[in-house]
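Undergrad: Below are the sequence and a predicted model for it; my questions follow.
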Amino acid sequence: MPWTVLFLAGLLEVAWATGLKQSAGFTRLWPSVFTLVTMAGSFLLLAYAMRSLPLGTAYAVWTGIGTVGAAILGIMMFGEAATPARILCIGLILAGIAGLKLTS
């Protein structure tokens, strides 16, 4: 169960990062509200998962999910570059997340 909660926290991290981009520096009301709500949810779920998961593992997996998700959405939604080097780095982050999960 804590891994599922941590995964959901990571997805909410992706959501708030995307909302932050859409809020234009908190100058647009509804994207700002969305960002703050998903941010709070992400932190609460992370805190809950950390009750039973190791700090370093939980935090690294949470940020890794957020990083990979934000990078992929940046490519898909905002036209950011999808260079081979960037895709390789995303793959390396995924490998790190999997490694942490397998060794915890």
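TA: It's in. Numbers count the residues shown, from 1 in each chain.
Undergrad: Going by neighbour count, which residues in the strand or helix carrying Y59 are buried?
TA: For Y59, the enclosing helix or strand under DSSP states H and E is helix 55-78. Neighbour counts over helix 55-78 (16 or more other Cβ atoms under 10 Å) mark 57-62, 64-71, 73-75 as buried. From N, CA and C alone the C-beta is placed, and that goes for glycine too.
Undergrad: avg pLDDT for it?
TA: Model confidence over helix 55-78 averages 95 on the pLDDT scale.
Undergrad: Against L102, how distant is the residue nearest in space to the middle of the chain?
TA: Among the residues of the chain, the one closest to the centroid is G66, at 1.5 Å (Cα atoms, centre = their mean). Distance, G66 to L102, using Cβ to Cβ, to the nearest Å: 20 Å.
Undergrad: One more: T4?
TA: Here the criterion is Cβ to Cβ. By it, T4 lies 16 Å from L102.
Undergrad: Looking only at neighbour counts, state which of the two leads.
TA: Neighbour totals were compared for T4 and L102, and T4 leads with 10 against 7 (other Cβ atoms under 10 Å).
Undergrad: how much space is there between the more buried one and M76?
TA: Distance of T4 to M76, computed by Cβ to Cβ: 25 Å.
Undergrad: wait, what's in contact with P54?
TA: Taking Cβ atoms under 8 Å, 6 or more residues apart in numbering as the definition of contact, the neighbours of P54 are S104.
Undergrad: Start at 674, not 1
TA: OK, 674 is where the count begins now, so the last one is P727.
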